[in-house]
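Enquirer: Fold the stuff below for me.
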Amino acid sequence: MASKKKVKKTRLTRSKKEKIIFGVVGGLAEKYDVDPTLLRILWLIVLAFTGFVPGIVVYFVAALVMPKL
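Expert: Numbering: from 1, shown residues only. Have a look, this model is predicted:
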């Protein structure tokens, strides 16, 4: 028999522990079990290549939409 691994279903929320500005990237890191520092570096790279304004707008919209628990 194969053991069933329980997948923890959680909502995407802003992080209280891994918070620098609003906790959006920290919440993503907690949700997908990724190192928050690595995700922040990837976010900065994406910002640099796409232009800063669209990325900042997306970040603030995510901060408004994502609940803080």
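Enquirer: on contacts alone, who are the packing partners of the helix or strand hosting L42?
Expert: Counting by DSSP states H and E, the element that carries L42 is helix 36-50. For helix 36-50, the packing partners by 3 or more CB pairs under 8 Å, 6 or more residues apart in numbering; DSSP states H and E come out as helix 24-32, helix 52-65. Where C-beta positions appear, they are placed from N, C-alpha and C, glycine not excepted.
Enquirer: Buried residues, it. List them.
Expert: 36, 39-40, 43, 47 (16 or more other CB atoms under 10 Å).
Enquirer: got the angle between it and helix 24-32?
Expert: 120 degrees (axes from the mean of the first three to the mean of the last three CA atoms, to 10 degrees).
Enquirer: Show residues contacting helix 36-50.
Expert: With CB atoms under 8 Å, 6 or more residues apart in numbering as the contact definition, helix 36-50 has outside contacts at 15, 18, 20, 25-26, 28-30, 55-56.
Enquirer: Using TSV, please lay out these together with distance to L69, pLDDT and neighbour count.
Expert: Conversion of the contacts of helix 36-50 to TSV gives the following (distance: CB to CB, whole Å; pLDDT from 0 to 100; neighbours: other CB atoms under 10 Å):
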residue	distance to L69	pLDDT	neighbour count
S15	9	86	21
E18	13	84	18
I20	18	85	11
V25	16	90	25
G26	12	90	21
L28	14	90	21
A29	15	89	19
E30	11	89	20
G55	24	87	16
I56	24	90	11
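Enquirer: Can you tell me which of those residues lies closest to K68?
Expert: Nearest to K68 among those is S15, at 8.8 Å by CB to CB.
Enquirer: center of this protein - which residue?
Expert: Centroid-nearest residue in the chain, with CA atoms, centre = their mean: L28, separated by 2.2 Å.
Enquirer: and the closest residue to T10 other than its chain neighbours, what does it touch?
Expert: Spatial nearest neighbour of T10, excluding adjacent residues (CB to CB, 6 or more residues apart in numbering): K31 at 6.3 Å. Going by CB under 8 Å, 6+ apart, K31 touches 10, 12-13.
Enquirer: can you pick the most crowded of these?
Expert: T13 (17 neighbours; other CB atoms under 10 Å).
Enquirer: Understood, closing this out.
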